[in-house]
Every structure is written in structure tokens, then in C-alpha cells.
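1. Here is my input, please return the structure:
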Amino acid sequence: MLRLVRFAVLGLIVLVAAPAFAQTYPDRPLRLLVAFPPGGAADLVARLVGRSLSARLGQPVVVENRPGSNGNFAGELTAHAAADGYTLLVGSSSFFSVNPHLYANMSIDPFKDLMPIATLVSNALLLTENPAAEPKTFPDFIAYARRAKPPLLYASIGNGSEHHLAMELLKQQAGIEMTHVPYRGGGPAAIGVMGGEVTAMFGGGSVATLVKSGKLRALAISGRKRSAEFPDLPSISEFYPNYEVTLWQGLFGPVGLPPPVVARLRAETNKVLAEPGIAQKLAAAGAGEPYVTTPEEMTARLHADYDRYGKVIQASGLRVE
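-> Numbers count the residues shown, from 1 in each chain. Predicted coordinates for the structure are as follows:
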């Protein structure tokens, strides 16, 4: 009987404390973990959104780059953090949709140990190459890759990233062979292409400005429709109708976050994405466009991407131990 009374009192304390905690949240700086190095799309999004979120929350939002294992390291740090809303993750959808299929020994289950808070941006990828490469158009590139002996080398931002799978999907649908060279992030991968270490890569924010400056040549876009920023570039789906790769970033926290804190973070994040000029800033940085969803839509998208990329990985035989 005494034990039941104690549990009842504890439950009452939790119910009373949660709203009070939410009213004072946040009262100290927030950590915003990014799974990739500085310079890539995820980093650009985190810093842009973080600045506005800081102003709205009244506390500093400190961006910390924690690259490694296609987001596993940053995801693990977030999952093991206190569920108080002070450690958050700007995470790629690939952490949920790709990593569980690819990594044999993940220390956490993203669907059980992390909590979706809000979507941030959606972005198609640009297929780019070294400007000195022979192909000048997307069909030329496919023909060139088909006859290359040995196979062309291509870069990605890391094993199992959507940038990696975008090329694997293209290989499957176009019937070409290429050899993967993983880099630690979009910036290093782009440097590898510009330096001639590899021929091509799919990239987002890390390559858009380089394309505009002529340091990389863009051949096509991975999304279903053409880009407003690069309207002359064809969509790969114009040549291979079943092809589409669109990636997105979201805000996540450790499971167990108080619902009022989640609601506050989601509401303020959505306000940031609706601010005048935010879409232009994201586009100028090559980081995509604002992507706002309901909690139900965000969860459904995570599960749909998990199923879709699982098929690509299975067909490719990819695995990381």
C-alpha cells in the first residue's frame, strides 16, 4: 500500500512539474549537434536555423559538429543525453532510413531512442563533375561511364549517405559501373572532385555555390522536378522515370522529452522557417527549401524512406560492419 502511495505521489509531482518546467524552458544555452563537418548542407541549415531559434528562445543555440559513421556518432550522443531539451540533433533522414539497413551493429535504434520534433529543409541533389571531365551533358556522362575502363571513381559525403545511395540508384537504373570513394562530409568530397581525385559526386549545399562559380560542372538534378535555382538542368527522372532522390533534415531529441518542450520547439522552429527571407537564404546557400510538416507526416515520411532505401541497399549488397 505504501509503495502504491509513493508511486501516486511521484506521478503527481511529474504532472505538476512538467508544465512548470516548460514555462521556464529554456533557461540556459542549447546544444545543437550536427552529424557532418562544417561546410555541408546540414551545417549550413543548423547555423541558419540556430541563429533565429536562439533569438526566439532567448538563449544561445551552440552548434557542435560531431561527424562520424553517417550520423551514428551524433545520433548516439543525442540519444544518450538528458531528455530535457538542451541537447538536440539536426539529423539527416538517412540516419533513420539508411543506417539501420547498412550498419550491422548500431548501438541505438533511431526509431526507439530518438524523438522527431520538426522537419527543417528538403533538398534535391546535384550530379556534378570535375569541369575538366570529358562529358558535357547528363547523357554524355552516362555514355562515358558505361565505356570507362577501369570504372570511374565517384565521391560521396560518407558510406550509406543518401548522396552515396543516389549514385547507387543511378548505377542500377542506367546499367553503369562506378567505384565509390567515401569522404568525411560534403566539403571534403567536393574538394576531391575539384582536385581530380574522383570524377563526380552528388551534392547539396556543398556544391551549389561551386557550380555557380564554375569550379564544378552540374549535369542533372536528383529530384522529380527541375530546380528553380538551376532551371536548365534536367531531372534524372526525365531519362529514368523511376528515379528520384530527395533528402531532408529534421530536428530530433532524445526520447522522453516533455511534450510541452517538444511542442514549444516545434512551434518556434516552424516560425523560423516562415520568417521573411529564410527561403532565399537557404536557396542561396544551396541548402534546400523550408520543409514544414505535422508530427504525423514527419513520422510517416521516416517510415516510408526506411522502406524505400532498404530496397536500394538490399539490391546493392551494401553493408558496413
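2. any idea how far residue 32 lies from residue 304?
-> From residue 32 across to residue 304, the span is 26 Å (C-beta to C-beta, to the nearest Å). (C-beta placed from N, C-alpha, C; glycine too.)
3. How about residue 274?
-> The gap separating residue 274 from residue 304 is 25 Å, by C-beta to C-beta.
4. got a list of what residue 188 touches?
-> Shown in contact with residue 188 (C-beta atoms under 8 Å, 6 or more residues apart in numbering): residue 37.
5. more crowded one of residue 32 and residue 304?
-> Between residue 32 and residue 304, residue 32 has the larger neighbour count (other C-beta atoms under 10 Å), namely 21 against 12.
6. Residue 299 touches residue 117, doesn't it?
-> No. Shown here, residue 299 and residue 117 do not form a contact pair, counting by C-beta atoms under 8 Å, at 11.3 Å.
7. what stretches of the stretch 201-321 of the chain score poorly on pLDDT?
-> Residues of the stretch 201-321 of the chain meeting the criterion pLDDT under 70: 321.
8. So which residues of it form strands?
-> 217-221, 246-254, 289-290 (DSSP state E, counting those that start in this stretch).
9. Specify the stretch among those strands that is closest to residue 235.
-> strand 217-221 (5.4 Å; C-beta to C-beta).
10. so who does residue 137 touch?
-> With C-beta under 8 Å, 6+ apart, residue 137 has these contacts: residue 219.
11. Next one: it from residue 218, what distance?
-> Distance check for residue 137 against residue 218: by C-beta to C-beta, it reads 11 Å.
12. could you dump the strands of the stretch 201-321 of the chain to CSV with mean neighbour count and distance to residue 146?
-> Formatted as CSV, the strands of the stretch 201-321 of the chain follow (neighbours: other C-beta atoms under 10 Å; distance: least, C-beta to C-beta, whole Å):
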stretch, mean neighbour count, distance to residue 146
strand 217-221, 23, 15
strand 246-254, 24, 26
strand 289-290, 18, 33
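13. where along the stretch 51-200 of the chain do the strands fall?
-> Secondary structure of the stretch 51-200 of the chain (DSSP E, counting those that start in this stretch): strands located at 61-65, 87-92, 114-124, 126-129, 152-156, 178-182, 200-203.
14. Now the fourth one: average pLDDT?
-> This means strand 126-129. The pLDDT scores in strand 126-129 average 97.
15. other SSEs contacting it?
-> Counting contacts by 3 or more C-beta pairs under 8 Å, 6 or more residues apart in numbering; DSSP states H and E, strand 126-129 packs against helix 138-147, helix 186-194, strand 200-203, helix 205-212, strand 217-221.
16. What I need now is those written out in TSV, including distance to residue 173 for each item.
-> Shown next, in TSV, are the helices and strands packed on strand 126-129 (distance: least, C-beta to C-beta, whole Å):
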stretch	distance to residue 173
helix 138-147	10
helix 186-194	22
strand 200-203	14
helix 205-212	22
strand 217-221	13
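17. residue boundaries of the helices in this protein?
-> With DSSP state H, the ranges of helices along the chain come out as 2-24, 41-57, 72-79, 94-97, 99-102, 110-113, 138-147, 162-174, 186-194, 205-212, 259-273, 278-284, 295-316.
18. right, and those helices - which one's nearest residue 238?
-> Taking C-beta to C-beta, helix 138-147 is the member of these nearest to residue 238, at 8.7 Å.
19. beta partners for the residue nearest the centre of the chain?
-> Residue closest to the mean C-alpha point of the chain, counted by C-alpha atoms, centre = their mean, is residue 92 at 2.4 Å. For residue 92, the beta-bridge partners under DSSP bridges are residue 249.
20. so who does it touch?
-> Contacts for residue 92 were tallied using C-beta under 8 Å, 6+ apart; they are 35, 36, 42, 71, 161, 162, 247, 248, 249.
21. Apply 7 Å and report the result again.
-> Applying C-beta atoms under 7 Å, 6 or more residues apart in numbering, we find residue 92 in contact with 35, 42, 71, 162, 247, 249.
22. so how far is residue 234 from the fifth one?
-> For residue 247, the distance to residue 234 equals 19 Å [C-beta to C-beta].
23. Then the second one?
-> Separation of residue 42 from residue 234 (C-beta to C-beta): 26 Å.
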